Structure formats: C-alpha cells, structure tokens
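# Sharing a model prediction with you, sequence too.
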Amino acid sequence: MSVHGAARPITVPDLRRMKGTPQVWLTAYTTPIAQRLDEHCDALLVGDSLGMVLYGLPSTLSVSLDTMIAHGAAVVRGAKHACIVVDLPFGSYQQSPRQAFASAARVLAETGAAAVKLEGGREMAETIAFLTSRGIPVCGHVGLMPQSVNVAGGFRATGRTQDEAAKVSADAQAVADAGAFAVVLEGTLEPVAAAITRQVAIPTIGIGASAECDGQVLVVDDVLGMFNDFQPRFVKRYAALGDEISKAAAAYAADVRARRFPEERHVFRKTAR
Ligand code: KIV
C-alpha cells in the first residue's frame, strides 16, 4: 500500500499496514533536505546519527534531547507527505518508562513528529508498551544498536552465531508484542533478518540487514556521497555531493582570489534618491 500522491501525509497506521510492501525510509536532519526527500519517502527518520553525521561526534551517545527536538522540528517544517519519526537519544528513555514518556511527549509536542524510535529489545518491551498505550507510537530498533557501542565493543553486524540469532529474533518479537508499529533491524545477517521479517507481524526496516526486510532505511549523507573516507558495505551511493561541494568551494575561492567574483550582474549600482 502506498499513499504517494495523496493529499494527506502518511500516518503511523499507514506504515503499519505496509507490512510486506517495500517502504522507503531515509534519515533527514534539516528543513531543506527534508523538502528534497519528502515526496520520495514513506518515512523520514530524524536519527541520532546526526551527532556523527552533522556534528562530527565519535558516537551518538552525547546527542541531547534538545538537539533531537530542534532537528525534529526542522524536518517536520520541511515535510508535507512522509511520516516523521524522531530518535530518542541515549539517556533520555532507558531509566524508566516514565522517563521515556516524558522525553517522548516532549518530542511529539515540540516537533509535531508522528512517532519516536528507541533502541532495545526485550529490556525495552515494558517501556514500549507504556508509551504506545499512552498515545505515543514507537518504532523499535534491534540488532546492531549504536547506543550500546560500549557494551558491544564496537559496530559489528549481529546474527553470526545461533545465540546472536536467537537474541535478535527474541528482541524483535518482544518489540512487536509490546506494540511497536515497526522495527528497525540494523546490521543483521540476511537469513536472520529474513526469518524475523516472516515471524513478526509488523514491518521490518533494514539497514545493513538485506533486501529480505519489508523496508529499507539509510543515512541520507551516505546515500548522497557526502563522505569519501568511510563507506559501509551496506550503503549504496546515489550521488557524489561531497566531491561536488569541494569543486564548488574551489571554484568560488579561485574566483574571489582572481577578482572574477562578484561580476557586474551581482553588483548593486544605482543609488536611491
Ligand atoms: O540514527 C539513525 O540514523 C538510525 C538509523 C541508522 C536507523 O538509527
């Protein structure tokens, strides 16, 4: 099911009903990028990856709730069509369901987004049930969980052993049973992602989790080719904007140094009387 071209924005129940159809998610962090992506996407995720992508941080751990709210509101202002989902950052929800509710309620009230996403499986089931039963739609996130980088000891795909496969599968099931409307499966081996997608009644949204998932999400700056130094295996680059930006900056610098810019047509000449 798709509501592309429809006058109304895509809602959380629309996404939930899209189990089995390939839903398109991308991250977005700013108004102009949201405006560009909106008509092509079913959901825009204001991911806490913005800490690394926009702010040059080494991990997502120090991203604050206020930062997520500022970027969430910016993306909502740029979107008319896609469903907007905002990440709850590290430390804003793990302490208790009540803490999660307070954070998520701020996100929805102050951004106008439709839903929040949070990382965690069975240990977050109670929190997800608490939020969804109180009017806050939740997208789960299991498999590789960047906010747990210090426990996991790094960013590594999961599902390689039977124990890992059983864990990620039980986590996805717990998230679905708790009332999440979708679950992001990150860095998960294909057969495990395929089994989970068959097993759970909600859409699975994969990132580094194969085409077996119901939908896909990628970090938009990776898709646009903003970085030359790091290209994860699961990313497909659809543009080379990083190189374009460097070329544009070099051309501008050369023009300014050679006094070729500003040109006649860029100059205000007439004085007002
Ligand atoms: O923060 C983020 O951008 C995410 C995606 C990578 C799924 O959680």
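Structure received.
# C-alpha from now on. contacts and neighbour counts both.
Fine.
# buried sites along the helix or strand residue 250 falls within?
When secondary structure is defined using DSSP states H and E, the element that contains residue 250 is helix 241-257. Residues of helix 241-257 classed as buried under the neighbour-count rule (16 or more other CA atoms under 10 Å) are 241-242.
# Skip the chain neighbours and tell me the closest residue to residue 77.
Taking CA to CA, 6 or more residues apart in numbering as the measure, residue 77 lies nearest to residue 31, with 6.1 Å between them; neighbours along the chain are not counted.
# Model confidence at residue 4, what's the number?
Among the per-residue scores, residue 4 shows a pLDDT of 55.
# typo on my end, it should be residue 270
pLDDT, the model's per-residue confidence, is 78 for residue 270.
# Helix, strand, or coil at residue 116?
Three-state call for residue 116 (DSSP: H, G, I helix; E, B strand; the rest coil): strand.
# picking up where we left off before, which outside residues touch the helix holding residue 250?
The contact list for helix 241-257 (CA atoms under 8 Å, 6 or more residues apart in numbering) reads 224-228, 261-262.
# how about those, which pair is most distant?
Distances among these were taken as CA to CA; the most separated pair is 228 and 262, at 30.9 Å.
# from the contacts of helix 241-257, which would you call buried?
The neighbour-count test (16+ other CA under 10 Å) marks 225-226 as buried among the contacts of helix 241-257.
# ok, so of the contacts of helix 241-257, who is nearest residue 133?
Taking the contacts of helix 241-257 together and measuring to residue 133 by CA to CA, the closest member is residue 224, at 37.7 Å.
# how far away is that closest one from residue 31?
Separation of residue 224 from residue 31 (CA to CA, to the nearest Å) stands at 16 Å.
# picking up where we left off before, and the pLDDT for the residue nearest to residue 77?
pLDDT, residue 31: 98.
# Burial check on it, number of neighbours?
By the other CA atoms under 10 Å criterion, the neighbourhood of residue 31 contains 17 residues.
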